[in-house]
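Peer 1: Fold the following for me, if possible:
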Amino acid sequence: MKIIIIGGVAGGATAATRLRRLSEKNDIIIFEKGEYVSFANCGLPYHIGGIIDNRDKLLLQTPESLKERYNLDTRVFTEVIAINKEEKTVFVKNLKTGEEYTETYDKLLLSPGAEPIKPPFEGIHSDKIFTLRNIPDMDKIVEQTKNKKDFVVVGGGFIGLEIAENLIGLGKNVRLIELSNQVMTPVDYEFASLIHHKAEEKGLTLLLNTGVQKFENYGNNIKVYLNDETFVETEAVILAIGVKPETQLAQNTGLEMGETGGILVNEYMQTSDENIYAVGDAIEVAHYIHGKKVLIPLAWPANRQGRLVADNIIRGNHSKYTGSLGSSILKFFELSVAATGLNEKTLKKNRIPYNTIVITKGHHAGYYPGAKDIVMKVIFDKTGTILGAQAIGEEGVDKRVDIIATAIKGKLKIQDLQEIEITYAPPYNSAKDLINIAGYAAENILNGDLKVISHDELEDFAIQNNTVILDVRTPQEHERGNIENSVNINVDNLRKRMDELDKDKTYIIYCQVGLRGYLANRILRNNGFINVFNLQGGYHLWSSVHSVKKKPELTA
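Peer 2: Residues are numbered from 1 along each chain as shown. From the prediction side, this is the model:
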């Protein structure tokens, strides 16, 4: 069998090496129009920042190593111009020599990836504007900006934040422009707000709710005109506003496109032509939770899909791709921010009912030195089905979100989190982990033993329900900052002062992060108070969301 793979990196290279491990008999050709067939694209920002000092460490495989170890015919600087699916041929051009020729195939795999989005702004083709997708892009940024001091990053996603962090690590001045009201869309606003505060702490200027209108070269600098009729002037711009599937070749071939703009594939990763498969950033997939079609340009799905395609080509279609959760994580200075499944924004958009629980707890035993708080939100429905999770903190975030992602794929209910035995020793954990506590708290909600409201519900709820906002922290904590019009009764004095409270009123209780608030809730509920609610995440999360930051002054 002759198998042609168009595009390398995660999906294509994974499929190629798996194909060879399954059989020595097939001819396997990889066509890659660039110089590098297998590289760690997620590591590119860290070479720009000097964290990964040797760029060659990002090169995972070369044509020579793929030939030597896997007997793969890898042709770089070679572009597939056209596919004839009726004759099962590809028309190929060597970009160095100009040579053009035709190759036949029995099976074909498309792994073209995605390309950076470059909107048709005036001035978008300035040589002071950069994007980051591959090794040459990285080299260009390193070489052409090493003596520059001032940067504008457009886009607050993974790449934008990682580039901004690494530039600041080099001592650069960086402003980040984001059209939305928050960075990092996989998490909800209250979690993004903690990233916003970290950015401010590190000197990264965020221009949120701000769009770009055009660019204009200005001597050695470039002006970025914004949608509020101001502009910023800088030495270089890095565009990181997202990617779009590279589908032109597939469209020209007559393959069906999906509703999201990605290549349409079935559960076996076959396109509308049974002899052509596709994987990676170029395809649309079903989301594992709600089954709707989505684009998820991440490394894990591409690697998984590449392996499944190899199995299906060699052994016949039997390995199904069950959908993507979109599990992701970002390092942002000291913080780690992770998410899996669906967030609240998406659930609201799709009108899917849900509950949430927010837990704040140290990543290991509090009495052992160095404990760092993790804030974790788990989202679930009335049956206990886990719909998603988010977490942020300095240590242990990846572990907790990975456990939730595993629980979702294992079809565990949120109540089952109580039963997960997590390794415990003081340097690593607490005897009751955040995961276990999320299970306990969710069970309380589902049983009706705990009522909660979120930061964005508090104001309207309080107005409509004759509500008393009860701060159960110490007087000293209350004086340092509190929710307006809240009544302060320390939880340790609550039983003694209960006669000051009216059982006919509704109470919203908060402490700093949630534990004392829950204890106060139980005291009141056990003493005949009916309408008692807890504020999710406590004052810590509420204050992060509601702190008002002035927008930096810009040039008029």
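
Peer 1: any idea which element the nearest residue to Asp53 once chain neighbours are set aside lies in?
Peer 2: Distances taken as C-beta to C-beta, 6 or more residues apart in numbering put His47 closest to Asp53, at 7.7 Å, once the chain neighbours are dropped. In short, each C-beta sits where N, CA and C put it, glycine included. Using DSSP states H and E, His47 sits within helix 44-48.

Peer 1: low-scoring stretches of the stretch 401-550 of the chain, by residue?
Peer 2: Applying pLDDT under 70 to the stretch 401-550 of the chain flags residues 548-550.

Peer 1: And Gln390, how close does it get to Lys214?
Peer 2: For Gln390, the distance to Lys214 equals 35 Å [C-beta to C-beta, to the nearest Å].

Peer 1: oh sorry, the question was meant for Glu246
Peer 2: Glu246 is 26 Å from Lys214, by C-beta to C-beta.

Peer 1: Between those two, point out the one with more neighbours.
Peer 2: Glu246 (19 against 13; other C-beta atoms under 10 Å).

Peer 1: Which secondary structure elements does the helix holding His47 sit against?
Peer 2: helix 135-145, helix 158-169 (3 or more C-beta pairs under 8 Å, 6 or more residues apart in numbering; DSSP states H and E).

Peer 1: for those helices, which one ends up most surrounded?
Peer 2: Stretch with highest mean neighbour count among the helices and strands packed on helix 44-48: helix 158-169 (a mean of 23; mean count of other C-beta atoms under 10 Å).

Peer 1: doesn't Ile141 make contact with the residue nearest to Asp53?
Peer 2: No: look at His47 against Ile141 with C-beta atoms under 8 Å: they stay out of range, at 9.4 Å.

Peer 1: check contacts around Ala441.
Peer 2: Residues near Ala441 by C-beta atoms under 8 Å, 6 or more residues apart in numbering: 357, 359, 450, 518.

Peer 1: please redo it, this time with the cut-off set to 10 Å
Peer 2: Going by C-beta atoms under 10 Å, 6 or more residues apart in numbering, Ala441 touches 357-359, 378, 414, 417-418, 449-450, 452, 514, 518, 534.

Peer 1: now it, what's its secondary structure?
Peer 2: helix (DSSP: H, G, I helix; E, B strand; the rest coil).

Peer 1: if we can go back for a sec, pLDDT (mean, whole number) over the helix holding His47?
Peer 2: For helix 44-48, the mean pLDDT works out to 94.

Peer 1: now whichever helix or strand comes after that helix, how far from the chain's geometric center?
Peer 2: From helix 44-48 onward toward the C-terminus, using DSSP H and E, the following helix or strand is strand 59-61. Strand 59-61 sits 25 Å away from the centroid of its parent chain (C-alpha atoms, centre = their mean, to the nearest Å).

Peer 1: Name every strand pairing with strand 59-61 and say which way it goes.
Peer 2: Using DSSP bridges, the strands paired with strand 59-61 are strand 38-39 (antiparallel).

Peer 1: Would you pull up how far the partner strand lies from the middle of the chain?
Peer 2: Distance of strand 38-39 from its chain centroid, counting by C-alpha atoms, centre = their mean, is 22 Å.

Peer 1: go on, stretch 367-377?
Peer 2: The answer for stretch 367-377 is 22 Å, by C-alpha atoms, centre = their mean.

Peer 1: got the buried residues for that stretch?
Peer 2: Buried residues in stretch 367-377, counting neighbours by 16 or more other C-beta atoms under 10 Å, are found at 371, 373-377.

Peer 1: For the helix ranked longest in the chain, C-alpha coordinates in CSV please.
Peer 2: Among the segments of the chain that qualify as a helix by DSSP state H, the longest is helix 299-315. What follows is helix 299-315 as a C-alpha-only set of coordinates in CSV (Å, rounded to 0.1, in the frame of the first residue of the first chain):
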residue,chain,number,x,y,z
ALA,A,299,-1.7,19.1,20.3
TRP,A,300,-3.4,16.2,22.2
PRO,A,301,-6.3,15.8,19.8
ALA,A,302,-4.0,15.9,16.8
ASN,A,303,-1.7,13.3,18.2
ARG,A,304,-4.6,11.0,19.2
GLN,A,305,-6.2,11.4,15.8
GLY,A,306,-2.9,10.6,14.0
ARG,A,307,-2.6,7.3,15.9
LEU,A,308,-6.3,6.4,15.2
VAL,A,309,-5.9,7.1,11.5
ALA,A,310,-2.9,4.9,11.2
ASP,A,311,-4.8,2.1,12.9
ASN,A,312,-7.8,2.6,10.6
ILE,A,313,-5.7,2.7,7.4
ILE,A,314,-3.8,-0.6,8.3
ARG,A,315,-6.5,-2.5,10.1
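
Peer 1: Please name every helix or strand in contact with the helix or strand following it.
Peer 2: As assigned by DSSP H and E, the chain's next helix or strand after helix 299-315 is strand 328-332. Secondary-structure packing of strand 328-332 (3 or more C-beta pairs under 10 Å, 6 or more residues apart in numbering; DSSP states H and E): helix 158-169, helix 189-201, strand 335-341, strand 386-393, helix 397-409.

Peer 1: again, 7 Å this time
Peer 2: helix 158-169, strand 335-341 (3 or more C-beta pairs under 7 Å, 6 or more residues apart in numbering; DSSP states H and E).

Peer 1: For Arg480, which of these is the nearest?
Peer 2: With C-beta to C-beta, the closest approach to Arg480 among these belongs to strand 335-341: 23.0 Å.

Peer 1: Okay, angle between the closest one and strand 386-393 too, please.
Peer 2: Here strand 335-341 runs at an angle of 180 degrees relative to strand 386-393 (axes from the mean of the first three to the mean of the last three C-alpha atoms, to 10 degrees).

Peer 1: Contacts for the helix or strand just after strand 335-341 next, please.
Peer 2: Using DSSP H and E, the helix or strand that follows strand 335-341 in sequence is helix 344-349. For helix 344-349, contacts defined as C-beta atoms under 7 Å, 6 or more residues apart in numbering pick out 188, 354, 356, 379, 387.

Peer 1: Let me know the closest of these to Lys399.
Peer 2: When the contacts of helix 344-349 are compared for distance to Lys399 (C-beta to C-beta), Ile379 wins out at 18.8 Å.

Peer 1: Quick check, the closest one in contact with Ile357.
Peer 2: No: counting by C-beta atoms under 7 Å, Ile379 stays clear of Ile357, with 8.3 Å between them.

Peer 1: Let's have the helices and strands packed on helix 44-48 in TSV, adding distance to Thr467 and mean pLDDT.
Peer 2: Listed next are the helices and strands packed on helix 44-48 as TSV, based on distance: least, C-beta to C-beta, whole Å; pLDDT from 0 to 100:
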stretch	distance to Thr467	mean pLDDT
helix 135-145	53	94
helix 158-169	37	96
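
Peer 1: what sits against Asp150?
Peer 2: Counting by C-beta under 7 Å, 6+ apart, Asp150 touches 173, 234-235.

Peer 1: Tabulate those residues (TSV), appending neighbour count and distance to Leu494.
Peer 2: Shown next, in TSV, are the contacts of Asp150 (neighbours: other C-beta atoms under 10 Å; distance: C-beta to C-beta, whole Å):
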residue	neighbour count	distance to Leu494
Asn173	16	50
Thr234	22	54
Glu235	17	58
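
Peer 1: Out of those residues, which is nearest to Val487?
Peer 2: Of all the contacts of Asp150, the one with the least separation from Val487 (C-beta to C-beta) is Asn173, at 45.3 Å.

Peer 1: phi, psi of Val80?
Peer 2: Main-chain dihedrals, Val80, degrees, to the nearest 10: phi -80, psi 110.

Peer 1: Enumerate every residue touching it.
Peer 2: Contacts of Val80 by C-beta under 7 Å, 6+ apart are 6, 31, 90, 92, 249.

Peer 1: what sits opposite it in the beta ladder?
Peer 2: Here Val80 sits in beta bridges with Val92, as judged by DSSP bridges.

Peer 1: where does it land on pLDDT?
Peer 2: With respect to pLDDT, Val80 scores 97.

Peer 1: Cheers, nothing more for now.
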